[in-house]
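pasting the structure only:
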């Protein structure tokens with residue numbers, strides 16, 4: 001028997017990822033009761049288990065897609081198993097990266113540059129005189 005199957009959970013665990021990084025698309029975010037606390041839980045399209053978010057993972061997604069969880073719907077993140085210290089012990093956990101396993105900071109920088117480039121093209125900044133060529137007279 002695999003010991004990880006002995007303790008079923010309603011939420012995704014590091015062992016569920018079987019050592020792999022997985023790109024997933026966010027379906028929605030709910031608030032769910034866990035013991036005496038409540039936590040946000042991100043649910044993924046086509047996946048049965050949701051990921052209960054901690055502060056680290058919440059902040060990573062917020063950095064990529066905004067702090068408003070409604071904006072996360074349809075966005076892709078990469079989740080991967082790793083380890084962290086908890087109450088003096090090293091324990092398995094799940095962390096979030098940008099799609100394809102990219103570093104979150106690099107992902108944000110790339111998206112910002114793409115947005116600036118799109119804005120420049122829309123404003124005609126890549127053309128002389130802001131897109132207007134007043135030196136060619138109309139006859």
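That came in fine, so what should we check first? Since the structure is predicted, the reported quantities are computational estimates derived from the model, not experimental observations.

Pull the distance from stretch 78-94 to the chain's centre.
18 Å (CA atoms, centre = their mean, to the nearest Å).

buried residues in it?
Across stretch 78-94, burial judged by 16 or more other CB atoms under 10 Å covers 78-81, 93-94. Backbone N, C-alpha and C define where each C-beta goes, glycine included.

What's the end-to-end length of that stretch?
End-to-end span of stretch 78-94 (CA to CA, to the nearest Å): 10 Å.

How about residues contacting that stretch?
For stretch 78-94, the external contacting residues (CB atoms under 8 Å, 6 or more residues apart in numbering) are 12-15, 17, 19-24, 51, 57, 95-102.

let's see 6 Å
Stretch 78-94 has contacts (CB atoms under 6 Å, 6 or more residues apart in numbering) with 14, 17, 21-23, 95-97, 99, 101.

likewise stretch 50-65?
Stretch 50-65 is contacted by residues 11-12, 39-43, 71-72, 75, 96, 98, 104 when judged by CB under 6 Å, 6+ apart.

which strands and helices sit next to the longest strand seen in the chain?
In the chain, assigned by DSSP state E, the strand with the most residues is strand 22-34. Packing partners of strand 22-34 (3 or more CB pairs under 6 Å, 6 or more residues apart in numbering; DSSP states H and E): strand 37-44, strand 76-86.
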